[in-house]
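A.B. asks: My questions are about this predicted structure, shown below with the sequence.
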Amino acid sequence: MKKSKRYKMKKSFKRFLCLAFILISSIIFFAFGGYTKVQSAFVQLQKFFDDNEEIAGKTREDNGDGTYKLSLSVTGDADTDTRTPHANILVIYDQSGSMLAHLASTTGSYGHTGDLQSAGWVQLYKTRVSHGSGYGRYYICSDPVSDSEEYTGTVYYDSNGNSQGGCTSYTEKRYSAITRAASAEKTVYDFANALLSKNPTSGPDTNAVEMALVTFNTNSPISNTAPDPTQGWTSNKSTYLDLFQYNGTTYKRSYAGLTNWQQALTKARSVLEDADSDPTFVVFVTDGAPTVYQGTYGTSDKVNPSVAYPYAKTPAYNLNHFKTQDGQNNGSVVATGGNTTLYGVYAFGDEADYLDDLIYYAKDGQNRPTAQGGETAATVATTNYYNATDSAALTASLADIFNSIVNTVGLGEAYIQDGTTQKVQTSSGNISTLLEVDENSFEYWLE
C-alpha cells in the first residue's frame, strides 16, 4: 500500500513541475515582447475595418483594456431555384410498305385480294334490299349501281335478287378505311406531344425533354421528301410534331419497301452519339418481323425473318447498354452503368416471337429461354416488350411507356435548389459576392 501511495505522490509532483514551467515560459514571453505582438495584431485588425467601411455594417466598442468588441449586422432572405429533371427519347419508326395495310375490322368496308404489302385494297359493298340470295353479304363491284341511280354505298339488286354492276361475292377478312400508318402516326404524335409538353415554357429547363427520330424500311434512314426522315435532337414541340399526322385518318410520311431491323438499330446508336448524358429511352415501333438485312455485299433481297433476325441482335444489345456522354460523339457501349433503356412495340401484325426475343436479348446478351414448370406461354415473358394487335393496344402500349419514363426520371416533378446565401445582406449592402456558394449543399425533391 505504501509503495502505491508514494507512486501517486511522485506523479502529482511531475504535473506540478509541468504547470510551473508553462507559467514561467508565458511570463518570459510577455516580458520580451509577446504583449507587443498581440497589441500589434489588434491594431492591424482595427486598421482593416477602418479601411474597408463598405464591406459590412459593423460597430467597434473599446473595452478599455486593449481589447475591442466587434459587431456585424447581417440579414438573410430565403430563395429557391426550381429545376426540372431531364431525359432523351428516341423513336425508331417503321415506314415499310406493310404500314399501308388497312386495320382489321369486323364492320369494315374494305377487302384485300392479295399480299397485304402489295396493292389490292378494294371497297366492299353490301346489299340494299332484303330479298335475293345476296342479302347481307359483301361484294367487290366494278360498277356498284346502275347508271340511273345514285351511289349509296350498297349493292343494288333487281327484283329477282340478281346484283347489278358486275359484283362478285367477298367472304374474306374485312378491314376499315384506316391504315396502320394513319393510326401509328397519331399514336406517336400523341406520345411525343405528352412528353414535350413536360418542358417548362421559361427558365433554364426548357430543353428538359429532347426527342429524336429514326425511320427505316429496306434502309435507314429513308431518303424521301419532307418532313426530314431523321430528326436530330430537339426540344421544340412543334418541330417534332410536324413529322407526324395527328388526325388518325390520314398519314404524312412515305411508306414502301421491306423491314430492316438491323440498319434501324445501328442508325439509332449513331444518333445516341449526339445525345447528352441525361437518362435516355429508345422506343422501337414496327409492324412486322425483319425481312431484310445488311450483309457483306450490301442490303439483301427479301429473306425469311429467321435469317434476318440474328443480324439485329448485337445492335439491339448495344443500344440497351449505351452510355451517352456530352453530345460530342464519344458515347460508348458498357456492360453495366449505361443510361439507355430500349422498349419494343410490335404493332398490328401477328408476331412470331422475334421482337420479344430481341428485347430479351438486348437486356443481357442471352437468348430467351423456353418457359418451364407451370407456365403456359411458350417462352418466358420479356420486360419492356409490347404486343399491340390493334390501335387501342398501340395507344395503351405507348401510354405505359410514357408513364414508365415519367416515373423513372421524375418528369413533371421539380426539385428545389436553395439559394439563401445569394440574398445575404448587411446594413451597408449585398455581400453575396464575398461568399462561396455550394449549389449542391441544399437540394429538395417535391413528391
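C.D. replies: That came through fine.

A.B. asks: Helices along the chain, start to end?
C.D. replies: 2-29, 35-51, 180-196, 237-241, 261-272, 305-308, 310-320, 355-364, 391-409 (DSSP state H).

A.B. asks: Least confident of the ones you listed, on average?
C.D. replies: Lowest mean pLDDT within those: helix 2-29, a mean of 45.

A.B. asks: Residue 188 against residue 285, yeah?
C.D. replies: Yes. At 6.8 Å, residue 188 counts as touching residue 285 under the criterion of C-beta atoms under 8 Å. Bear in mind the C-beta positions are built from the backbone N, C-alpha and C, glycine included.

A.B. asks: Need the overlap of contacts for those two.
C.D. replies: 91, 93 (C-beta atoms under 8 Å, 6 or more residues apart in numbering).

A.B. asks: any idea how far the closest residue in space to residue 186 that isn't next to it in sequence lies from residue 385?
C.D. replies: Spatial nearest neighbour of residue 186, excluding adjacent residues (C-beta to C-beta, 6 or more residues apart in numbering): residue 248 at 3.9 Å. Separation of residue 248 from residue 385 (C-beta to C-beta, to the nearest Å): 25 Å.

A.B. asks: same check, this time on residue 102
C.D. replies: 25 Å.

A.B. asks: which residues of the stretch 51-200 of the chain score low on pLDDT?
C.D. replies: Within the stretch 51-200 of the chain, the segments meeting pLDDT under 70 span 51-60, 66-82, 115-119, 127-137, 142-166.

A.B. asks: what about the strands in it?
C.D. replies: 58-62, 68-72, 74-75, 80-83, 87-94, 102-104, 110-112, 121-123, 125-127, 138-141, 154-155, 167-170, 175-179 (DSSP state E, counting those that start in this stretch).

A.B. asks: can you check the stretch 301-447 of the chain too?
C.D. replies: 322-323, 332-333, 340-347, 385-388, 415-418, 425-426, 429-430, 443-445.

A.B. asks: pLDDT on the third one, on average?
C.D. replies: With pLDDT averaged residue by residue, strand 340-347 scores 96.

A.B. asks: mind saving the C-alpha coords of that strand as CSV?
C.D. replies: Backbone C-alpha positions of strand 340-347 (Å, rounded to 0.1, in the frame of the first residue of the first chain) are rendered in CSV as follows:
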residue,chain,number,x,y,z
THR,A,340,-30.2,3.9,-72.1
THR,A,341,-33.4,1.8,-72.0
LEU,A,342,-34.8,0.0,-75.0
TYR,A,343,-38.5,-0.6,-75.5
GLY,A,344,-40.1,-2.7,-78.3
VAL,A,345,-43.6,-2.3,-79.7
TYR,A,346,-45.0,-4.8,-82.2
ALA,A,347,-47.9,-3.1,-83.9
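
A.B. asks: Could you list every helix and strand that that strand packs against?
C.D. replies: strand 280-286, helix 310-320, helix 355-364, strand 385-388, helix 391-409 (3 or more C-beta pairs under 8 Å, 6 or more residues apart in numbering; DSSP states H and E).

A.B. asks: Buried residues, the longest one. List them.
C.D. replies: Taking 16 or more other C-beta atoms under 10 Å as the neighbour-count basis, helix 391-409 is seen to contain the buried residues 391, 393, 394, 395, 397, 398, 401, 402, 405, 406, 409.

A.B. asks: Using CSV, please lay out those together with distance to residue 210.
C.D. replies: CSV is the format used below for those (distance: C-beta to C-beta, whole Å):
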residue, distance to residue 210
391, 28
393, 28
394, 24
395, 23
397, 22
398, 18
401, 17
402, 15
405, 13
406, 15
409, 12
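
A.B. asks: can you tell me which of those residues lies nearest to residue 217?
C.D. replies: residue 394 (18.9 Å; C-beta to C-beta).

A.B. asks: Please name the residues that touch the nearest residue to that closest one once chain neighbours are set aside.
C.D. replies: Take residue 394 and drop its neighbours on the chain: the residue closest to it by C-beta to C-beta, 6+ apart is residue 388, 3.9 Å away. By C-beta under 8 Å, 6+ apart, residue 388 lies in contact with 345, 346, 347, 348, 394, 396, 397.

A.B. asks: cool, and residue 209?
C.D. replies: So residue 209 contacts 86, 87, 88, 89, 195, 196, 198, 199, 235, 411 (C-beta under 8 Å, 6+ apart).

A.B. asks: Mind putting those into TSV with distance to residue 96 and neighbour count?
C.D. replies: Listed next are the contacts of residue 209 as TSV, based on distance: C-beta to C-beta, whole Å; neighbours: other C-beta atoms under 10 Å:
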residue	distance to residue 96	neighbour count
86	33	19
87	28	22
88	26	26
89	22	27
195	25	24
196	26	21
198	31	20
199	32	19
235	29	17
411	31	21
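
A.B. asks: wouldn't residue 365 be in contact with residue 316 here?
C.D. replies: No. Assessed by C-beta under 8 Å, residue 365 is found out of contact with residue 316, at 9.8 Å.

A.B. asks: Could you check which of the two has the larger neighbour count?
C.D. replies: residue 316 (29 against 13; other C-beta atoms under 10 Å).
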